[in-house]
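[1] have a look; sequence and predicted model below, questions after that.
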There are 2 protein chains.
Amino acid sequence: MKFKISKKDKDCSARLGIITTDHGKINTPAFMPVGTLGAVKTISPKELITLNTEIVLGNTYHLYLRPGTEIIYNAGGLHKFISWPKPILTDSGGFQVFSLSKLNKISDEGVEFQSHLDGSKHMFTPEFSMKIQRFLGSDIIMAFDHCPPGDSDFSVVLDAVNRTSSWMKRCSEFLKENEEHYDYNQNVFPIIQGAVNSELRYKSINELLPYAKCGIAIGGLAVGEEKNAMMDTIEYCSNLLPKEQPRYLMGVGKPSDLVMAVRRGVDMFDCVLPTRNGRNGQVFTKEKILNIRNKKYENDHTEIDSYSTHEWGRQFSKAYLRHLFKINEILGLRIATTLNLSFYLDLMSTMRIKIQDGTFHSWSKSWLSKYKLLDNSK
Amino acid sequence: MKFKISKKDKDCSARLGIITTDHGKINTPAFMPVGTLGAVKTISPKELITLNTEIVLGNTYHLYLRPGTEIIYNAGGLHKFISWPKPILTDSGGFQVFSLSKLNKISDEGVEFQSHLDGSKHMFTPEFSMKIQRFLGSDIIMAFDHCPPGDSDFSVVLDAVNRTSSWMKRCSEFLKENEEHYDYNQNVFPIIQGAVNSELRYKSINELLPYAKCGIAIGGLAVGEEKNAMMDTIEYCSNLLPKEQPRYLMGVGKPSDLVMAVRRGVDMFDCVLPTRNGRNGQVFTKEKILNIRNKKYENDHTEIDSYSTHEWGRQFSKAYLRHLFKINEILGLRIATTLNLSFYLDLMSTMRIKIQDGTFHSWSKSWLSKYKLLDNSK
C-alpha cells in the first residue's frame, strides 16, 4: 500500500492524496460507505461504483457472527463473497464488542462477550481479530483496540490507552508470524485512543507510531464528547501524526464534521449516518435536510434535489418519496440511501477539487457557515 | 389503442401481437409486473425497463387509500407521480374490496367497505371506480366487477355475473359522459365472471361483448378452483372471445400457468407471484426453484442462475444471497425480486420468439413437461 500526497492547502491542514492498494486506488479525502455485514444496506456493488465509492467498510464482529468467517473464506474472501472488486477496510470488532454485545469480562488477554443476536459466548483477543481479518481478506486491517465511552474517567481512558498499546504489539506479532491467505497485501492501521485528553493522546500516539507503517486511525471520538473538544483533539493528533501516512477518523460524522476534519488534516472517514438516517427518511440535499415523512411534502411535487448529481434527485418528487416512506416501500429506502451517499461522496469530491484548486480554505469557511446551520436544523 | 396480431400458432391458440397505446407499445403475450401502490416492490422504473417491462399494473383500491386520488391528480397523473413513461393498467378495485377489506354491504348500487388499513368507511360504485381511474390516468381502465370466491354456489356466481353486467353498463355510461383529464386516451376492458361454469361464462361473455372495444379480461379465476377447471374455462372463454382483441387473464400465475394459458390464446397476464415469492426467498432459475433460506445453500458459492440474462444471476452466489436473506438485508429482496421478474419477462420473450418461429406448440409441450414438475416441487 502506498500513499501519495499531491497537494496541501496553504491555509489549513487539508491535503489531497491517493492511496494505492492491491484492489485499486482511493482518492483522499475519502468517505467509506459502511457495509457492516457484507452489504451497504439497500445498495448493489455496481451502484456503489456509480456513486464513486472507492472503498467500503466491513465489520469483523458482525461478519464473524454472520455468516461466519469460514463461509467467507470458502468464497475466496470478502471481496469475492460480496462481489466487490475495490478496496475493503475491516474494523477490528473492538468498538462493537464494547458497544453492542453483552460484556462478560475485559482483561489484558482480550474481551469475553455474548453475541447481541443469540447470547452465545465468544472471546476476542488481538490475535483472534487479526486471524479473522486475515480470513476476510480486507485490504486494510484495523488493530484491535479498547474504546471506552466518551464520559469515562481519566483512569479508565489511561487503562484503555495502555491496553490498546499492548494489544497493538500482539496484533503486529500475529501478522508477522502468520501468512496471508490471498494473493494480495493486507495492511494494518493502529488506532489511537485517549478520549479528549491531550496527555493521553500524546502517550497513545507515541506508543503506536512504531506500528504505523502505512496509515493510522483516530479512534475514541464521536462517542459522546463535546463537538469542540472532538475537533481540538483531531487537530492535536493530526499535528503529531506522520505527514506521509493517511489519517482515518473513525465513525465521523455529519457533513460539517467531515469538512471541519479535512481542514484539520484528516484523509479518511466512515459513518453510518447517510445510510441509517436515509432509511429513517432523512434526506441530505444541496439546499436543506428533508425529513421526508413530514406532512408538508404530501403534495410537494417538486424534485427531491434539483442539484443532485444522481438522476433520482431530479426524477422523483418529494411527494412520491414521502408516499413510498408512508407505505414502507423498499424503493423509498433505496432512494433516500442512494441520494444521501451521493451527497456525501459528492461532498468529498468537491473538497478534493477545492484542495486541488487551492481554494479549499475559503470554500470550506463559506460552506460551513451555510451548512452548519442545516446540520443543526433537524 | 390498437391491437395487431402478426402471427398465430398453427397447432394451438397462441398468438403474437402488439398493443399500441398512447404511452407506447406492448408486445404480446405480455406479463405485467404488479405495482399495486405505485411501485413494483423494491424495483426502480429504469430497472423495470432494463428487464423489458412494457406495462405495469396499479391498483385503484390501494392508490385511492394511499396516497389518495387527489395527490396523484396534482402530480399530473400516475405516470408522472411514479416516473413511469410506459403504459399502465389499473385494476378497478373490485377484486380488492371483496378480498381485502372488511365488507359492510354489497348491493346493486355498489360496495360499502372498511379500509384494511384503518377501518375507515368507503363506498365504491362502478361510477366511482371509473372516476378514480380517470384521475389516475391509466392507459387501460378495468371495469368494476363482482368477483366471488372460487367455492361459491351457482346462485352466488349468477348474481355476480348479473351484477358485473349491469355495472359494466354504468362504467361505460360514466366514461362516455365524463371527459378524460389528460391529453391521451384511456381504454376500458370488461371483466368476464362466471367461475368455472360454462353456462355462466357464456352468459357473461354475451352480456359484456358489446362493451369490449379494444380488449377483454377473464376474471374470477385463480381464486381457489381446480387447475384443470381453470384451464378448461380459459379455453372455453378464449374460443368465444373476439379474435381481434387482446385477452387478459387476471391474477395468473405460475410460470407453467402462463405457458398453458398462452396455448389457449391468452395475451396478457399479471401476478404478484414473482415479486411476492421473491421477497419470501423463492427464486425462479432456469434450472430449478431455489428456496434460498435453505441451509443447503449456506456454503454453496456457485452462481444463483448461470443461465440468467440478468447479471445478478451470475454475479452473486447462492451463499451470498442466503446470507442477505438471513440478515434481512434489502439487497437480498432486490436480487430475488429482480431475478424472478427477469425470469418471467424472459419467459414471455421466449414464447413470443417461439410463436414467431412457428415452433411454439412443440416447444411449450417440452417446456411444460420439464417445468411443471418444478412448479410442484416447492
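    Done, it's in. Residues are numbered from 1 along each chain as shown, chains lettered A, B, ... in the order given.
[2] show me what from chain A comes close to chain B.
    A:37-39, A:41-45, A:66-67, A:71, A:74-76, A:81-83, A:298-299, A:301, A:312, A:315-317, A:319-320, A:322-324, A:326-327, A:329-331, A:333-334 (CB under 8 Å from any CB of the partner chain). Any C-beta I mention is one placed from the backbone N, CA and C, and that applies to glycine too.
[3] using the three-state scheme, assign the residue of the stretch 101-250 of chain A found nearest chain B.
    Across the stretch 101-250 of chain A, the shortest distance to chain B (CB to the nearest CB) belongs to residue A:117, at 9.8 Å. Judged by DSSP: H, G, I helix; E, B strand; the rest coil, the three-state class of residue A:117 is coil.
[4] spatially nearest residue to it (excluding sequence neighbours)?
    residue A:65 (6.0 Å; CB to CB, 6 or more residues apart in numbering or on different chains).
[5] so that neighbour makes contact with residue A:115?
    Yes - Residue A:65 lies in contact with residue A:115 (CB atoms under 8 Å); the separation is 5.6 Å.
[6] more crowded one of these two?
    residue A:65 (22 against 16; other CB atoms under 10 Å in any protein chain shown).
[7] got the phi and psi for the more buried one?
    The phi/psi pair for residue A:65 (degrees, to the nearest 10) reads phi -80, psi -40.
[8] against residue A:93, how distant is it?
    10 Å (CB to CB, to the nearest Å).
[9] how about residue A:306?
    Separation of residue A:306 from residue A:93 (CB to CB): 42 Å.
[10] with residue A:250 instead?
    According to CB to CB, residue A:250 and residue A:93 sit 13 Å apart.
[11] please say which of those two ends up with more neighbours.
    For residue A:250 versus residue A:93, the count of surrounding residues by other CB under 10 Å is larger for residue A:93: 28 against 24.
[12] lowest-scoring secondary structure element of chain A by mean pLDDT?
    Least confident helix or strand of chain A, by mean pLDDT, DSSP states H and E, is strand A:102-106 with a mean of 84.
[13] please report the distance of the residue of the stretch 101-250 of chain A closest to chain B from residue A:96.
    Counting by CB to CB, the gap from residue A:117 to residue A:96 is 12 Å.
[14] between those two, who's got more neighbours?
    residue A:96 (21 against 12).
[15] so the residue nearest to the more buried one when sequence neighbours are not counted versus residue A:374, what's the distance?
    With CB to CB, 6+ apart as the criterion, residue A:96 has its nearest non-adjacent residue at 3.7 Å, and that residue is residue A:61. Note on residue A:61: its distance to residue A:374, by CB to CB, is 33 Å.
[16] neighbour count: the two, which is higher?
    residue A:61 (26 against 16).
[17] does the more buried one touch residue A:98 like I think?
    No - look at residue A:61 against residue A:98 with CB under 8 Å: they stay out of range, at 9.9 Å.
[18] can you show me the strands along the stretch 101-250 of chain A?
    A:102-106, A:111-114, A:121-124, A:140-142, A:187-189, A:191-192, A:216-218, A:247-249 (DSSP state E, counting those that start in this stretch).
[19] pick out the shakiest of those strands, pLDDT-wise.
    Among the strands of the stretch 101-250 of chain A, strand A:102-106 carries the lowest mean pLDDT, a mean of 84.
[20] who are the packing partners of that strand?
    With contacts taken as 3 or more CB pairs under 8 Å, 6 or more residues apart in numbering or on different chains; DSSP states H and E, strand A:102-106 sits against strand A:111-114.
[21] look up which residues are beta-bridged to the residue nearest the centre of chain A.
    Residue closest to the mean C-alpha point of chain A, counted by CA atoms, centre = their mean, is residue A:270 at 1.7 Å. Note on residue A:270: beta-bridge partners residue A:32, judged by DSSP bridges.
[22] ok, it - contacts?
    Listed by CB atoms under 8 Å, 6 or more residues apart in numbering or on different chains, the contact partners of residue A:270 are A:31, A:32, A:33, A:34, A:57, A:89, A:248, A:250, A:251.
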